[in-house]
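Participant: model this:
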Amino acid sequence: QVQLAESGGGLVQAGASLRLACLCTGRSLSSHSMAWFRQATGKEREFVAGTNWVGGNTKYSDAVKDRFAISRDYVKSTLYLEMNDLNPEDTAVYYCAASKAGAGSAVDEYPYWGQGTQVTVSS
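Facilitator: Sure thing, here's the model as predicted:
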């Protein structure tokens, strides 16, 4: 089992930055794919960014590439999402997710999820 716990959300103004963190505990993540998803009110959950726990390949949605960066700290067992130049369209609950190696951007590829953290961007 993998347990995930997000933190770092909040209310910010447009143009600001936030860094989300996801503490990962339980079984070893060395063979896992990790990702951030988000879900705005009334919308489906969508892929934001993904990476392999080991290896470092990254992938981003078109909506966030060049503004967001996904990274991980092996020592702290923590996945991060650095979010820059936030705009009101980024307002959503952000979720950390884990899957077996090779997972892509589909929600149903990820069996492990955190509880989510709210990010609200005011204009």
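Participant: which residues pair with the residue most central in space within the chain across the strands?
Facilitator: Closest residue to the average C-alpha location of the chain: Trp36 at 2.2 Å, with Cα atoms, centre = their mean. Here Trp36 sits in beta bridges with Ala49, Cys96, going by DSSP bridges.
Participant: likewise for Cys22?
Facilitator: What pairs with Cys22, by the bridge criterion (DSSP bridges), is Glu6, Leu79.
Participant: what's around it, how many residues?
Facilitator: Neighbourhood size, Cys22 [other Cβ atoms under 10 Å]: 25. Glycine gets a C-beta too; all of them are placed from N, C-alpha and C.
Participant: residues in contact with it?
Facilitator: Leu4, Ala5, Glu6, Ser7, Met34, Trp36, Thr78, Leu79, Tyr80, Leu81, Cys96, Gly114 (Cβ atoms under 8 Å, 6 or more residues apart in numbering).
Participant: need these in TSV with distance to Leu20 and pLDDT, can you?
Facilitator: Output for the contacts of Cys22, formatted as TSV (distance: Cβ to Cβ, whole Å; pLDDT from 0 to 100):
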residue	distance to Leu20	pLDDT
Leu4	12	96
Ala5	11	97
Glu6	6	97
Ser7	7	97
Met34	12	93
Trp36	7	98
Thr78	10	93
Leu79	9	94
Tyr80	7	97
Leu81	4	98
Cys96	8	97
Gly114	10	97
